[in-house]
Structure formats: structure tokens, C-alpha cells
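Colleague: Turn this into a structure:
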Amino acid sequence: RISNETVMSSRPTRACLLLTLAAAAQPLVLRCPASKASAFVGTATGMRAHALDRQAHLSATAAGRRLTRIWQLQNQRSSALTPPRAGWFDSLFGGGQEEPAEARDISEGFEDIPLPFPEDILQGTALQNRRLMRCYQASTNGWDAKTFHERCDMKGPSVVVGRTKQGQIFGGFMPLEWKSSNDYRETNRDFLFIVDKDGAAQIISKRDNSPVYDYRRGGPQWGSEALIIGEPVGNVMGVFTGPDPENTGIGDLRKAKSRLGLSHEKLPDGGASLFGSEGAEVDLAEIEVFASPEIAAMY
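Modeller: This next block holds a predicted model:
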């Protein structure tokens, strides 16, 4: 029971607190003017409702936290039992879970040997500062053009190195991949080179935009006649007239031709062949191809 004097003499905050406590314990009997009593009753009712809302909010928050924790525990248990699913990108392109590093040997089909040419000739190319390994050796893998393509196609940029029976080392850089396209590949980043007896290389630059030829039945070819290794036997019909007859007219990589001055510059001494004094056509003692296993693994 709160007297009218108590209500009138108390500060509003104190009066509201007393009214709230009284309302929670027993009905109020107010001895104050009706307008003031209504104000205090309204204030008490509002505070009580606020307290109930606060309690409900805390209860809901606690329940939400419990549900979140249960979901996290279930998710952890499910993740431990079920292997992760492939993402949409992997599912589109045949991916999935990444294989262990030991299961993927990117150097398979390659041999790690000393390079028979100075690496500085590759400055500014896609093979600069790359680890190069041999993917083809004619004397071991076979001299026919079919074997060359089986070993060298889809390996990315590569360096072809030949050696004549007289010991002259020569070669060419192919900035694109070989792929048995039966067509020519237009590029202005290819070049030829020779290596002297001291191991120094001389790059033979291009004079025009002549292409690199990629015949399925032939070996590598730069320009129309700058360097031809394993020329196809007979005409190459190409992709526009249908496929070539299977296993016919396969080029022999023991045979090579070189005539400079048309698509490529001549040698510094004016020589018109990569083979020097040996002439425009020679028999080869070896052909090797070097590429980057890291780049080849992308194909």
C-alpha cells in the first residue's frame, strides 16, 4: 500500500520502481489523483512488459545458440565421414579431389639430361628459366615421324636439336605445341640456331612471317625450306581434304634439308645452309626434343 504523499514526494524514477515491485507482488491501491495514478500504472505495466520481452529474448538467444552448436557438431561429424564433393568447376571439366602429389609424376615420359645447347638462347621465350627435359631421342625411340609426334605432340613449346654425322649441331625453337594438325602454324616467335664447337649458339632470325609446318606424316619444319627434318613421302592432303592414309608416306627423320636466305637469314659467314659445308641435304646422327614437363602437364 503506497500513500498519496509517498507518491507525490518521490522522484519519478523511484516511484516507478516502487510501483513495479508492488504490481509484481499484489494489486495496487493508489491514493492519488486519477490522472497521476493512470500515468504511474501505465509506466509500471510498460516496464513489466519490457522485462518479459527481455526474458523472452534471452531465452530465444540461448535456444538459438544451442541449435547452432548442434548443427556445427553434426556438420563436423558428417565432414569427417563423407569425402568432400567436387566443386562445380571440377565437375564440369572432369576434376574432383586432387590427387596426392606422389601420385602425379609430371616428368613421366621425360629424361633429365644435360642440354646440348646454351639456355640463353631461350631468353624472352616461354621456356626461359624453365626446367627442360628430353621427351624424344630418335636413336632410342625411333626415327619415323609418327614416333616423333607420339612423343612430342601436346607438350607445349619445345626445342628440336639435331646433329649431323659430321658433328654439326643445329636446331629450332617452336613456340607452339606440335599436334599433328596437317597444317601450318603461323608465329613470329620461332627461330633457328647453330652451336659451334665451343658450345656458343648463333640464332638465325626470320626475314618474313613464314610459318612452322606441323604435318602428321612429317617431322618438324621451319619455313618452306629453311629447315625440314623427316619430310613426308608424297603429298600431304591436310585437314581440308580429309585425313591422310594411315601409316603411308611416313617421313624418316634421318633425312634433313636446309636452305637459308628466303624465310630466314643466312649464316654470319654467308652460308646458305644450317649444315655449313655439308650442303643443303644431310643424313643425321641424332635428333632430340626438349620441353618443359610443367608446361606439358597443362595439356
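Colleague: measure stretch 171-179 end to end?
Modeller: End-to-end distance for stretch 171-179, by CA to CA, to the nearest Å: 19 Å.
Colleague: should've said stretch 105-114
Modeller: End-to-end distance for stretch 105-114: 20 Å, by CA to CA.
Colleague: Buried residues, that stretch. List them.
Modeller: residue 110 (16 or more other CB atoms under 10 Å). Backbone N, C-alpha and C define where each C-beta goes, glycine included.
Colleague: How about stretch 198-207?
Modeller: Buried, per 16+ other CB under 10 Å, within stretch 198-207: 201, 204, 206.
Colleague: ditto for stretch 178-188
Modeller: For stretch 178-188, by 16+ other CB under 10 Å, it's 178-185.
Colleague: Filter those residues down to the ones in strands?
Modeller: 183-185 (DSSP state E).
Colleague: Now tabulate those in TSV and tack on distance to residue 169 and pLDDT.
Modeller: Converted to TSV, these look like this (distance: CB to CB, whole Å; pLDDT from 0 to 100):
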residue	distance to residue 169	pLDDT
183	29	94
184	26	92
185	24	92
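Colleague: can you give me the strands in the stretch 51-200 of the chain?
Modeller: Taking DSSP state E, counting those that start in this stretch as the test, the strands found in the stretch 51-200 of the chain are 133-137, 158-164, 169-174, 183-185, 191-195.
Colleague: I'd like to know which of those lies nearest to residue 234.
Modeller: strand 183-185 (17.0 Å; CB to CB).
Colleague: All the helices of the stretch 51-200 of the chain, in order from the start?
Modeller: Per DSSP state H, counting those that start in this stretch, the stretch 51-200 of the chain carries helices over the ranges 88-92, 138-141, 145-152.
Colleague: which parts of the second one are buried?
Modeller: The one in question is helix 138-141. 138, 141.
Colleague: now the longest one
Modeller: Of the residues in helix 145-152, 145-149, 151-152 count as buried by neighbour count, 16+ other CB under 10 Å.
Colleague: Do me a favour and average the pLDDT over it.
Modeller: For helix 145-152, the mean pLDDT works out to 98.
Colleague: and if you look at the first one?
Modeller: If you average the pLDDT over helix 88-92, you get 45.
Colleague: for residue 149, what are its contacts?
Modeller: 178, 180, 216 (CB atoms under 8 Å, 6 or more residues apart in numbering).
Colleague: Which member of the residues you listed is positioned nearest residue 123?
Modeller: residue 178 (22.4 Å).
Colleague: elements contacting the longest strand seen in the chain?
Modeller: Longest strand in the chain by number of residues, with DSSP E as the criterion: strand 281-291. Secondary-structure packing of strand 281-291 (3 or more CB pairs under 8 Å, 6 or more residues apart in numbering; DSSP states H and E): strand 133-137, helix 138-141, helix 145-152, strand 158-164, strand 255-257.
Colleague: can you list those in a markdown table and add distance to residue 268?
Modeller: Formatted as a markdown table, the helices and strands packed on strand 281-291 follow (distance: least, CB to CB, whole Å):
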| stretch | distance to residue 268 |
| --- | --- |
| strand 133-137 | 29 |
| helix 138-141 | 28 |
| helix 145-152 | 30 |
| strand 158-164 | 19 |
| strand 255-257 | 21 |
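Colleague: quick one, which of these is nearest to residue 291?
Modeller: Going by CB to CB, the one of the helices and strands packed on strand 281-291 nearest residue 291 is strand 158-164, 4.3 Å.
Colleague: quick one: contacts of that closest one?
Modeller: 116-117, 122, 127, 132, 135, 152, 169-174, 177-178, 220, 229, 256, 275, 278, 282-291.
Colleague: For the buried ones among these, write the corresponding PyMOL selection.
Modeller: In PyMOL, this line selects whichever of those come out buried by 16+ other CB under 10 Å:
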select buried, resi 116+117+122+127+132+135+152+169+170+171+172+173+174+177+178+220+229+256+275+278+282+284+286+287+288+289+290+291
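Colleague: pLDDT below threshold where in the stretch 151-299 of the chain?
Modeller: Scanning the stretch 151-299 of the chain with the threshold set as pLDDT under 70 gives 235-248.
Colleague: Just send the strands of the stretch 51-200 of the chain back as TSV, with distance to residue 234 too.
Modeller: Output for the strands of the stretch 51-200 of the chain, formatted as TSV (distance: least, CB to CB, whole Å):
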stretch	distance to residue 234
strand 133-137	24
strand 158-164	23
strand 169-174	24
strand 183-185	17
strand 191-195	26
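Colleague: Right, I'll leave it there.
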